[in-house]
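Asker: attaching a predicted model along with its sequence, questions to come.
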Amino acid sequence: MTILNASNEVGAVRPDYRHAYPLLIAVVLGVTAALFVRHSLVPKSFGRYGFYRADALDDEKARLSRHAGRAACAECHEDVAALHARDAHGSVECETCHGVGDKHIKDNDAPMARADAKDDCLVCHGLLDARPGSFPQVDWRQHYRFVGVKDNATACVRCHSGHEPLYLEQDLRKARLHPLIQECASCHIGRTDRTLKKPDAHPQIFQCDYCHHDLAKSFARGAHAELRCTTCHLFVKENAFSGRIVRNTNPRFCLLCHRKADFKSESGPPTIEWPGHIKDVSNDALDPKRPCVTCHQAQIHELYRKDAQHAM
Amino acid sequence: MNYVFPNELHVTWTVMIVLYPYITGLVAGSFIVSSLYHVFGQKELKPIARFSLASAFVFLLFATMPLLIHLGHPERAFNMMITPHFTSAMAGFGYIYGSYMILVALEIWFVMRGDFIARARGGGPVAWFCRALVLFNTDDTPATREADHRIVKFLAGLGIPLACTLHGYVGFLFGSIKANPWWATPLMFVIFIFSAIVSGISVLIFHYFVVSRINRWKIDAECVKSLGRYLWGFMMVAVALELMELLSLAYEQTEATDVLGHLIRTRLFFSYVILQFMLCSLVPFVMLGITALFKLKERTAYLLIWLSSCLLLLQVLLMRWNVVVGGQLVSKSMRGFTDYFPGIWEKEGLITAVVIFTLPFGLLYVFHRLVSLFPDAEKLPEIKSGA
């Protein structure tokens, strides 16, 4: 072994490359090995039909389905399935919230998941700019403030049942036809940036007050003015001209905001004990299905006889 | 009217994808500084030549780490190397990256072979490791050194186009995405190469001052002033190119001009206009200009150059951020923006980014413990001055 001092300078000496040969051989061998490994790792069926592994098709076909579908759930849970089918979550599969059902169907004791935490609901209903305004979504902080929810960890299901989130009196998809309602918020929900130009081909706006002017004026003066007409008169667009509308007078729908609960503070809307409230204010027999608007119509908007037949 | 399509709401390319071109740029920039000495004979850069090569190597080792962390299945990244396709720009990057890694490793081997042999003397695991590293051939003669010198010159020369290709290719990854008006410009290649050189020189200056300060080494005035001049020149070109890109965007008046103008005036105003151009481009331009054109006290000149290097490091990072994140904020509807800011503790969050960026510096320290990266500075004792 020959060691030079660091001060030794390279100069005009004949270069000796012999020490570099082993490295050169190592590099050539390494690159060759890498190319060989690459070649041997290409799956055998790769490229048979296209630029992919053909056997992947068989692999996918061989996978068993883990989702059972709502019909399988309804075989045992007929009552819940019927409730669920006619309310706002009617198009949502049971396994969306309860997880895949294959194990539970084979063994009924195998537990199903329950996605009932607030964050689970917000996966679909959290306010996002990219969602169409017609899809129900909330800024949960604002919503909790509005309703007077004290603890931010409170689950949505404390008010909204997963099976009957809006307590619809009838299936909205089978409700009566109504000309199209198209407001700004039907598309632009959440933050809006009014500095951007409105496009030339912007869809036509059809607001409720175009036809129901007096009702809208009366509504704007009332205690519910913060809400939109379509909060209670639920509308779903069916085509470019019309949709289905239903006036939800189910008392449990009103109670979503007005029911007294330990998780609500006084800052929210006025709350009542239910069903004791009816007994407190009337001598009638207790009818928990009696619509709140029987007594409280004036607090929402006045009814004009001329418009009453169109007030849905 | 914030209209965003559903698939645009989530910003997919996170801060990890900001870090990837940043670290790759540091590689290319550091390597080019070392080549200025080895190929173009810029003798005043000798004190930092070896360190710049080592920096290029360690940053190269970590350049793909942010990409792998970004992936849900990092092990699948190698599939693109096994079955590469011309439609996969990243497969091309894999091969360019691999070739460049071999070249830099070989150059380091030849540059530091004498030091490895010196460490191979005696016993212990380090000596054994060094013996294995030099392939058990410990001949160190003027003839072998001459051979090493010539090979290094050849490799360094070959490395310059490869370094430009490596980082130009990263620019190409963005510039070739024609659907994104903020990215799709052929200038992106060139901008990335020049900003890479700026960040490379900056990190070397920054590190050289810090290391010298800690070890109480004398700063090599010629070296630092030369680096400062190079930095001034390259930053001028880099910033001019960035502004020219903006000019062409504004002049073309395409359908995207409105929304991009809005992007700059609102979402990116602070990070792009105020920070990237005003603070981190204009201020270093003035400071480096002063050090290059006027005779200053050594200590003042050092301070200005060091501060400029810090600001330019930040400038290039901001440029990567504004390109990568800015381009994803704009909706294809041209009528809205989404939002993005990384979380602190999440998988692709700020802490992860800081850790990834810190690791190469730790490895450089280990490298320095094995083989001195500043052999000349260590020979000179005394001196308490620094940045």
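Answerer: Ah, there it is. Please read these numbers as outputs of a predicted model, since none were measured by experiment. Numbering: from 1, shown residues only, chains lettered A, B, ... in the order given.

Asker: so what's the residue positioned nearest the centre of chain A up against?
Answerer: Most central in chain A under CA atoms, centre = their mean is A:C124, positioned 1.5 Å from the mean C-alpha point. By CB atoms under 8 Å, 6 or more residues apart in numbering or on different chains, A:C124 lies in contact with A:Q137. In short, each C-beta sits where N, CA and C put it, glycine included.

Asker: which parts of the host helix or strand of A:G30 are buried?
Answerer: Here A:G30, judged by DSSP states H and E, is contained in helix A:21-41. For helix A:21-41, the buried set under the neighbour-count rule, 16 or more other CB atoms under 10 Å in any protein chain shown, comprises A:L23.

Asker: for stretch B:110-124, same thing?
Answerer: B:110-120.

Asker: my guess is B:R335 meets A:P199, correct?
Answerer: Yes. If you go by CB atoms under 8 Å, B:R335 and A:P199 touch, sitting 7.1 Å apart.

Asker: can you give me the distance of B:M319 to B:A179?
Answerer: 21 Å (CB to CB, to the nearest Å).

Asker: domains in chain A, by residue range?
Answerer: Listed by automatic domain parsing, the domain ranges of chain A are A:67-114, A:116-191+A:201-308.

Asker: smallest gap between the stretch 101-250 of chain A and chain B, at which residue?
Answerer: Residue of the stretch 101-250 of chain A nearest chain B, by CB to the nearest CB: A:A130 (3.7 Å).

Asker: what segments of the stretch 51-200 of chain B are strands?
Answerer: For the stretch 51-200 of chain B, no strands are identified by DSSP state E, counting those that start in this stretch.

Asker: give me the below-cutoff pLDDT ranges for chain A.
Answerer: Scanning chain A for pLDDT under 70 picks out A:1-12, A:189-198, A:283-286, A:304-312.

Asker: skipping adjacent residues, who's closest to the residue in the stretch 201-350 of chain B that chain A sits nearest to in space?
Answerer: When distances are taken as CB to the nearest CB, the stretch 201-350 of chain B reaches nearest to chain A at B:R335, 5.7 Å away. Spatial nearest neighbour of B:R335, excluding adjacent residues (CB to CB, 6 or more residues apart in numbering or on different chains): B:Y3 at 4.2 Å.

Asker: did I read that right, that neighbour in a strand?
Answerer: No. Assigned with DSSP: H, G, I helix; E, B strand; the rest coil, B:Y3 falls outside any strand and is coil.

Asker: if we can go back for a sec, and chain A, which of the buried residues of stretch B:110-124 reach it?
Answerer: Among those, the ones lying near chain A by CB under 8 Å from any CB of the partner chain are B:110, B:113-114, B:117-118.

Asker: which of these fall in helices?
Answerer: Counting by DSSP state H, those place B:110, B:113-114, B:117-118 in helices.

Asker: the stretch 1-150 of chain B against chain A: which residues are in contact?
Answerer: Checking the stretch 1-150 of chain B against chain A by CB under 8 Å from any CB, the hits are B:1-9, B:81-83, B:85, B:102, B:106, B:109-110, B:113-114, B:117-118, B:121, B:134-135, B:137-150.

Asker: in helices only, show me those.
Answerer: Reading helices off the residues of the stretch 1-150 of chain B next to chain A with DSSP H, I get B:81-82, B:102, B:106, B:109-110, B:113-114, B:117-118, B:142-150.

Asker: quick one: residues contacting B:I48.
Answerer: B:33, B:37, B:204, B:208, B:220, B:223, B:227, B:374.

Asker: let's see 7 Å
Answerer: B:33, B:204, B:208, B:223 (CB atoms under 7 Å, 6 or more residues apart in numbering or on different chains).

Asker: just put those residues in JSON lines and tack on secondary structure and pLDDT.
Answerer: Formatted as JSON lines, the contacts of B:I48 follow (DSSP: H, G, I helix; E, B strand; the rest coil; pLDDT from 0 to 100):
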{"residue": "B:V33", "secondary structure": "helix", "pLDDT": "93"}
{"residue": "B:L204", "secondary structure": "helix", "pLDDT": "96"}
{"residue": "B:Y208", "secondary structure": "helix", "pLDDT": "94"}
{"residue": "B:C223", "secondary structure": "helix", "pLDDT": "94"}
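
Asker: now distance to B:R216 and neighbour count too, for those, in JSON lines please.
Answerer: Formatted as JSON lines, the contacts of B:I48 follow (distance: CB to CB, whole Å; neighbours: other CB atoms under 10 Å in any protein chain shown):
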{"residue": "B:V33", "distance to B:R216": "24", "neighbour count": "27"}
{"residue": "B:L204", "distance to B:R216": "19", "neighbour count": "26"}
{"residue": "B:Y208", "distance to B:R216": "14", "neighbour count": "25"}
{"residue": "B:C223", "distance to B:R216": "17", "neighbour count": "23"}
